[in-house]
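Asks: just need the structure, nothing else, for what follows:
(2 chains)
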Amino acid sequence: MRRAIIVLLLALSAGLAQSAVLPRLRISDNGRYFVKEGGPPFLYLGDTEWTLLQCTRDEVDTYLADRAAKKFTVVQISVAGFDALKKMFVDGDPTRPNEEYFQFLDYVVRKAESLGLYVALVPMWSNDYVRPELNVLTNATAFSYGKYLGNRYRDTSVIWILGGDWFATGFEDIWRQLAAGLTAGDGGIHLKTYHPKSPRSSAMWFHAEKWLDFNMLQTGHTTLNRNYDLVAEDWARVPAKPVVDGEGGYEGIADGLVPELTIAPHDVRRIAYSAIFAGAAGYTYGGHGVWGYRNPATGGAPSPAPARKSAAPPVRHGPAPPWKEALQLPAASQMQHLRALIESRPMLTRIPDQWLIANDYLGTTERMQACRGSDGSYAFIYTATGRKLKIRQIDGPYPKLSGKTIRAWWYDPRTGSATAIGEFEKTGFHDFTPPSSGPGNDWVLVLDDASESFPAPGKGVLSR
Amino acid sequence: MNDSHKSTVLIPLAALLASSILSAQAAPLPRLRVSDNGRYFVKADGSPFFYLGDTEWALFHLTREDAELYLKDRVEKKFTVIQAIATFWGGLDRPNAYGETVFVNGDPAHPNEAYFKHVDWVVDKAESLGLYIGFVPIWSKEYVQQDPSMLLNPSFGPTIRTAIRTGKPSVVDKTSAYNYGLFLGRRYRDKPIIWILGGDWFASGVEDVWRAMAAGLAEGDGGTHLKTYHPKSPRSSAQWFHDDAWLDFNMLQTGHTALNRNYELVAADWDRIPAKPVVDGEGGYEGINDAMSPSGNVEPPDVRRIAYCAVFAGGAGYTYGANGLFGATSRPTDRGPRAGRSAAPRGAGRGAANAGAESSIQDEGGQRGRAPGMPWKEAMQLPAGRQMQYLRALIESRPMLTRIPDQWLLVNDPMGTTERIQACRASDGSYAFIYTATGSKLRIRIVDRIYEKLSGTTIKAYWYDPRTGAATHIGDFPKTESRSFNPPTSGRGNDWVLVLDDASKNFPPPGQSGGR
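Replies: Below is the predicted model of the structure:
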């Protein structure tokens, strides 16, 4: 009887009378990656639709089904999406949430869960709403709003992303209060991070703080994106925390630094593989035309509005394709091959190691990025332009790869197909020439300790 | 000083100075310590010290005349530290120029007084000229072997013939390392010494031998001299000893190749906690053969780039080295192959002047061939050896202790190796230095959203020429979010440093004295 009452109370207080359908996420014991409750590793492969709460229910269904089919694992949503402040709160008062608005968020979260997607929620987009001069949240209202959200979504599969494209400098306490409120509401069971202005990391303000479970980067909407540098900086921090590039270059967006360029699919792949191989626990993709669909300022459609037939006039990010087309941009379908590759080898022992590459690993558009199992059981080396790779397999007395025989493969980031190169005896250095080269001809060299008998790269999930 | 007294006072003063230098009676050089922020070196009075090393591992195997010639040349070229080994390569039975060996019967428990008397003379001579000695007590690669399996490793075997010959994996154990350290520490307690443990090798498995030697040195010299460890390339002393209290600063060896990527290793050490200074103690020697590089040799542009990258990435110094000079001795028997550039066949040693020691320099994975060096007196005059002073002059012309690496000053791609762009600035934004190895157009982020990378409202910009030390004023302009700069020339060998100052600081032109 008493238990029944407690359950009932919990259900009422949570506002959602359903239990979570997805396992909880936590940080791996080595502090580097995510694992699901029970142990299997989890790759944070995000998609971005900050304005999803301004979409119609049909659009939400279409979007989430599409992203689940493309093997994303997380969708990033802004709770206070474009122009939503008045709808979120009664009279704009953050202590009086509008039940109707949050019921729609409940729907989105549950729908995503049912499709296997975690929802990363930005409670209050900093760039629009949380700056001292805007005075939307104070320390006190941040706590109460956080507690409300934490409580409401305690038993769902959410990840909290504080911040939102801005600097915390000077008002760090508002975020600390929001974090404390979320923890007070959900018991601290959901992971928390902070989304900063580009190019930087949440670590700049919050690395040492206990509530920050992992670092999030924003790394730059440009072909000159150097997220590998930022990931490496965070990897070196103590204590170790996972790092996710939560916003790299959106596919199809105008280059923020180089006039007349847009981010091509191969730029997106390079940025994603560089993030992960540099040591990131995840990467968040974004497609231009999807990420800010309901915000006309970003080339999207105003809300409410019928589905658009053509692109809105370009604002500052360049013209975007119509939403349904934007969902099908090529790199969106290619991100799953990165996930498949990572999941086909032991994920939790992976370490970045640029010293695998004996030749110049270059930067930005020609980048090469390397990682391996810390036990030497495998290595991945990405080349953005199919450059010849000189691989250091033994470094003085320290073998970088275990075993005596190396099994090599080319893995194609465009298709996810693997081609066996062959097996050979381990030597100090070995040269590999990719099947093709030039812009867009990116390849991953996979080197296995043959005695491990791993499946072909991209095939099968190792769950370790 | 009053003008009217100038003529009468100056002459005796100059004479006094000269005599004190010549008789090695000058006041001792100030002790060095680590700056309060843990990043750089300062002298006893707190003024900054730039570690600009030259490499003459065989310094103690030169005659007095040759040593003096060498040291005077290096002072003139503004080096501040000379790196030398007490136990030179080629076996402990290899005598110095006067026929003396370092130990009696190769036993480190019995240092040879006559040998160390000569070392004393060289150290005193260096001090009288204003030079510190980066002193390697015992060269690890040849004499402190750890893992017997390395004797069987084909890529290491030839380098460790002493171990093979003696059948002992190491010349010193913990006890003898401590005692030898104690001997050296006591003997050089009041001398301008920086202790460099290790020597081109891995410490794995013999960490405690080095710890014992460090303890002996500290016991002997009262802990007054800085200590570090010189590792195998490409790595840092931090791999084994960063958390050890005796390790005052980290030393890198970064690779004798134009593909050297020392900036990565410096950055990795910069990130470590606690903060300790880091010095690239062995980059690419000028003129050394490099099968991996486009030119086949490490050339002056490569040397400059490696040096500027080490320092701009956050290094507290850099050690130059010249092929033909880095292991030059005065022994007549070593002289034969030194006759000319082409005298030594491939495989006969990296520098003919290093003959007899060739097997001490190991081939990395069989990648590299050997090039003959030129005679050491010629090698002393290689161009980059003279150009290193402009790096020192540049660094010393701005506040040194607040300098931080900052690649985010660059909007464009910093590239890598031969085309590298490397940037640093003062943490208070008073100045920035941006090095481009090939004269690439630079787009500089001056204001990063709400954060100003440079202070003030007006920026004064200069081009600084690493080949000549000349500075050219570009102009003064109001601070904007970003700005592009086109170097005067571009292409290989056309390296430039862009210097940006907060104009209100009124710094002297870069490379001229007046900094802090």
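
Asks: drop to CA atoms for contacts and neighbour counts, all remaining ones
Replies: OK.

Asks: now do the domain split for chain B, please.
Replies: Under the assignment automatic domain parsing, the domains of chain B span B:26-396, B:403-505.

Asks: lowest average pLDDT across the ones you listed?
Replies: Ranked on mean pLDDT, the bottom entry among the domains of chain B is domain B:26-396, at a mean of 86.

Asks: related to what we said a few turns ago, how about the domains of chain B in TSV, adding distance to chain A?
Replies: Formatted as TSV, those follow (distance: least, CA to the nearest CA, whole Å):
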stretch	distance to chain A
domain B:26-396	6
domain B:403-505	5
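
Asks: who wins for proximity to A:Pro97 among these?
Replies: Between A:Pro97 and the domains of chain B, the shortest separation by CA to CA is 32.0 Å, and it involves domain B:403-505.

Asks: how far out from the middle of the chain is the closest one?
Replies: Domain B:403-505 has its C-alpha centroid displaced from the chain centroid by 25 Å (CA atoms, centre = their mean, to the nearest Å).

Asks: straight-line length of it, end to end?
Replies: In domain B:403-505, first residue to last residue: 15 Å (CA to CA, to the nearest Å).

Asks: sorry, back to before: nearest to A:Lys36, out of the domains of chain B?
Replies: Nearest to A:Lys36, of all the domains of chain B, is domain B:26-396, at 30.6 Å by CA to CA.

Asks: just give the closest residue to residue 435, not the sequence neighbours.
Replies: Went with chain A since none was named. Distances taken as CA to CA, 6 or more residues apart in numbering or on different chains put A:Gly386 closest to A:Pro435, at 7.5 Å, once the chain neighbours are dropped.

Asks: I was thinking of chain B, sorry if that wasn't clear
Replies: Among residues not flanking B:Tyr435 along the chain, B:Val497 sits closest, at 4.3 Å (CA to CA, 6+ apart).

Asks: who does the helix or strand where that neighbour lies touch, helix- and strand-wise?
Replies: Assigned by DSSP states H and E, B:Val497 belongs to strand B:496-502. Identification of packing neighbours for strand B:496-502 by 3 or more CA pairs under 8 Å, 6 or more residues apart in numbering or on different chains; DSSP states H and E yields strand B:431-436, strand B:458-464.

Asks: which is the next helix or strand following the shortest one?
Replies: It stands for strand B:431-436. Heading C-terminal from strand B:431-436, the first helix or strand you meet, by DSSP H and E, is strand B:442-445.

Asks: touching that following strand from outside, list them.
Replies: For strand B:442-445, contacts defined as CA atoms under 8 Å, 6 or more residues apart in numbering or on different chains pick out B:408-412, B:453, B:481-487.

Asks: which helices and strands sit right next to the helix or strand containing A:Leu182?
Replies: According to DSSP H and E, A:Leu182 maps onto helix A:172-186. If contacts are counted by 3+ CA pairs under 8 Å, 6+ apart, helix A:172-186 sits against helix A:139-152, strand A:158-166.

Asks: just the endpoints, please. Distance across stretch A:158-178?
Replies: Terminal residues of stretch A:158-178 are spaced 16 Å apart (CA to CA).

Asks: now stretch A:384-397
Replies: This stretch, stretch A:384-397, spans 30 Å end to end (CA to CA).

Asks: give me the contact list for that stretch.
Replies: Outside stretch A:384-397, the residues that touch it by CA under 8 Å, 6+ apart are A:266, A:270, A:355-359, A:365-368, A:399-401, A:426-443, B:150, B:364-365.

Asks: pull out the buried residues from the residues you listed.
Replies: If you count burial by 16 or more other CA atoms under 10 Å in any protein chain shown, the buried members of the contacts of stretch A:384-397 come out as A:266, A:270, A:355-359, A:365-368, A:399-401, A:426, A:428-429, A:434, A:437, A:440-443, B:150, B:364-365.

Asks: how deep is residue 84 tucked in, by neighbour count?
Replies: Went with chain A since none was named. If you count neighbours by other CA atoms under 10 Å in any protein chain shown, A:Ala84 ends up with 17.

Asks: try chain B instead
Replies: A total of 24 residues lie near B:Ala84 under the criterion other CA under 10 Å.

Asks: does it really touch B:Trp57, like I thought?
Replies: Yes. With contact defined as CA atoms under 8 Å, B:Ala84 and B:Trp57 form a contacting pair (4.0 Å).

Asks: just checking, A:Gly249 touches A:Ile263?
Replies: Yes. With contact defined as CA under 8 Å, A:Gly249 counts as touching A:Ile263 (6.5 Å).

Asks: which residues are in contact with A:Phe72?
Replies: Counting by CA under 8 Å, 6+ apart, A:Phe72 makes contact with A:45-47, A:117, A:335-336.
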